[in-house]
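Undergrad: Predicted model follows, preceded by the sequence.
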Amino acid sequence: MATPTVTAARTGPSSVARIGIGFVLLLPALLALAWSYLLPTVLAVWRSTTRDDLLRPADSVGGANYQARFQQGVLGDFGWAMLLALVPLALALLVAPLLALLADRAGRRATLAVRALVVAPVAGYAPVALLVGWRLDRMEPSAVADRQYATLVELTAIGGAGLVVAVATTAFLGTLRGRSHRRDALPAASTVAGLLVFGIIAATLQSFTAPLLTGNTGFPLTHVVVASLSRMDLGGGSAGAVLLLIPLALLGLAATALLLASRARIEVVDEAAAPGEHHEGTIRKAGPGGAAGGGSRRAGTGLAVVGVFFVGLLLWVAWPWLRRSLRFTNEVAPLPAVSLADMLVATWLPTLLSALVTVAVAVAGGFAIGGLRPLGRFSELLLLPFAPWLFVGTGPLAIESYLRTRDADQLNSFLGAVPPGWVSIPALFLFAVLFRGLEPRWRAGGGFGASMLAPSVPMVVLVGLVTWLVTAGQVLWPWIVAQPPMARPAPLEAMVQATTGRIPADDLALGAVLPLPIMLLFLAALVWLQVAYLDRLTVRVGRQSSRGPRGAQSC
């Protein structure tokens, strides 16, 4: 007698409940999108056709601002900005995959060591302190003016290299996790590489700190801010902002199309299945003296050399900052020194509030799209409204954000120092991809806590910490809304004192930008999350079975 086939019970809300709850949870993200991105973009387009100096009513000038911007050489500015991306792209597409492959070939312990090592540049993310220290100790003052573009290339590479290698290496390690053959990782690795290319180009186009340090006001974003708020030409600045938004929107749409076409998702690797991965299983079959064992030893040796070089390079690059990291305040007679407590509050509390709100809204939206899937297999199409602003930071919409803050009488205040934006769109995409990978286990009978909640909470913590750290290290928004010394956060205070030249280079205090105790706390938390959590995640593309990761037809 034939045995009847038993299908796994499907759990979770009904289809009607998924649609209702999904759109309710997505609503805050949609409202935040409209308020923080869509409306400012529409206003920027309108303002770009006016002559507005903040003193008189705006007059319509048609396309005159765009014509002036093209006459100033905006296309050349974009071309130079694209060239700045070459070094980060090389690090992301050549160095990071090689590092991930060496770690994977060397075995689990080596992989965990690499994961822990690449956290250091993230926990030590303080671009202002790094670049100011580098400029003071490694550059001749005359060279900054004489070779402005070469200096900009150097500062861009120094400021972003560590973060790029860390993020890219972690992503490529995720594509290799849980594979029986390394070649199976190629489709996922190609998707990751494409996303890195789009993201790095977008980030380079929005560079602000390095161009500001070199005095390059022709760079796309510095022109937007300086032309509009320093020269009181809001129409010209808005035209530059719109011209910057166009390539950023195209990059966001391209990245979204890649995610949709590849069906990318993040899944959890069963720990019970982890020992069967290619690098360990192959070594056992070949024996200690076999070719696979020899390859693993060679990979381990190469990885050790790369690791020593990486640590040495990090220390050498960071030394100009580290040697000033025990001085926290600057005294410029006859003015009193800015209070360290005030600087730390201005640096960390407004950005903490921003991180909590933007990540919380992103989690709700990501769960609605990837977890509840209100449109079924077409649910990822709900990412499309967010796509044009996927890579848009504070800068392109800074003029409209400044005007809102001014009209609310919040300049030089705590609320004014909170970065604009009510949702982190990159975080929303990340959580949508994560919940898409977790959802099949929930629907196949796993409990919500074990299938969805437990695997996602560490990611929420991780994204929140990184968002907080990166936002606290930025200088653009404080430069616009917090100019008085007593209102400045530490990165802005350090940059102002470094560029005015009133303090001797050896006496400049950089310790408040990212105090060592805070950096060590971030380092401990991020190392634990990297080794204990991210090491259990894998990046997959292709078709996905309803049975979850074990039964997925994926690459």
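TA: Structure received.
Undergrad: Could I get the contacting residues of residue 534?
TA: 115, 170, 174, 462 (Cβ atoms under 8 Å, 6 or more residues apart in numbering). The way it works is simple: take the backbone N, C-alpha and C, and place the C-beta from them, glycine included.
Undergrad: ugh, typo on my part, it should be residue 426
TA: With Cβ under 8 Å, 6+ apart, residue 426 has these contacts: 390, 391.
Undergrad: what about it, helix or strand, and which?
TA: Applying DSSP states H and E as the criterion places residue 426 in helix 425-443.
Undergrad: Using JSON lines, please lay out the contacts of residue 534 together with neighbour count and distance to residue 252.
TA: Compiled in JSON lines, those are given as follows (neighbours: other Cβ atoms under 10 Å; distance: Cβ to Cβ, whole Å):
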{"residue": "115", "neighbour count": "22", "distance to residue 252": "29"}
{"residue": "170", "neighbour count": "21", "distance to residue 252": "22"}
{"residue": "174", "neighbour count": "24", "distance to residue 252": "22"}
{"residue": "462", "neighbour count": "19", "distance to residue 252": "23"}
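Undergrad: any chance of those residues in a markdown table, plus distance to residue 509?
TA: Below are the contacts of residue 534 laid out as a markdown table (distance: Cβ to Cβ, whole Å):
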| residue | distance to residue 509 |
| --- | --- |
| 115 | 33 |
| 170 | 33 |
| 174 | 39 |
| 462 | 31 |
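Undergrad: can you give me the helices in the stretch 251-400 of the chain?
TA: Remark: helices assigned in the stretch 251-400 of the chain by DSSP state H, counting those that start in this stretch are 278-286, 291-322, 340-366, 398-407.
Undergrad: Now for the residue nearest to residue 137 when sequence neighbours are not counted: which residues touch it?
TA: Distance criterion Cβ to Cβ, 6 or more residues apart in numbering; nearest residue to residue 137, sequence neighbours excluded, is residue 320 at 3.9 Å. Counting by Cβ under 8 Å, 6+ apart, residue 320 touches 133, 134, 136, 137, 138.
Undergrad: And residue 320, how far from residue 129?
TA: Residue 320 is 9 Å from residue 129, where distance means Cβ to Cβ, to the nearest Å.
Undergrad: so residue 69 touches residue 237, yeah?
TA: No: using Cβ atoms under 8 Å, residue 69 makes no contact with residue 237, being 9.7 Å away.
Undergrad: So if I had to pick from these two, which one is more boxed in?
TA: Taking other Cβ atoms under 10 Å, residue 69 and residue 237 do not tie; residue 237 has more neighbours (27 against 22).
Undergrad: in which helix or strand would I find that one?
TA: Secondary structure from DSSP H and E places residue 237 in helix 234-262.
Undergrad: what angle separates that helix from helix 425-443?
TA: Helix 234-262 and helix 425-443 are oriented at 20 degrees to each other (axes from the mean of the first three to the mean of the last three Cα atoms, to 10 degrees).
Undergrad: what about the closest residue to residue 367 other than its chain neighbours, how many residues close to it?
TA: Among residues not flanking residue 367 along the chain, residue 435 sits closest, at 5.3 Å (Cβ to Cβ, 6+ apart). Residue 435 is flanked by 26 other residues according to other Cβ under 10 Å.
Undergrad: contacting residues around residue 241?
TA: Contacts of residue 241 by Cβ under 8 Å, 6+ apart are 44, 48, 224, 228, 396, 397, 398, 399.
Undergrad: As JSON lines, the residues you listed with distance to residue 162, pLDDT and neighbour count would be great.
TA: Below are the contacts of residue 241 laid out as JSON lines (distance: Cβ to Cβ, whole Å; pLDDT from 0 to 100; neighbours: other Cβ atoms under 10 Å):
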{"residue": "44", "distance to residue 162": "33", "pLDDT": "96", "neighbour count": "24"}
{"residue": "48", "distance to residue 162": "36", "pLDDT": "94", "neighbour count": "25"}
{"residue": "224", "distance to residue 162": "27", "pLDDT": "89", "neighbour count": "28"}
{"residue": "228", "distance to residue 162": "32", "pLDDT": "78", "neighbour count": "27"}
{"residue": "396", "distance to residue 162": "25", "pLDDT": "95", "neighbour count": "31"}
{"residue": "397", "distance to residue 162": "28", "pLDDT": "96", "neighbour count": "26"}
{"residue": "398", "distance to residue 162": "26", "pLDDT": "94", "neighbour count": "26"}
{"residue": "399", "distance to residue 162": "31", "pLDDT": "93", "neighbour count": "27"}
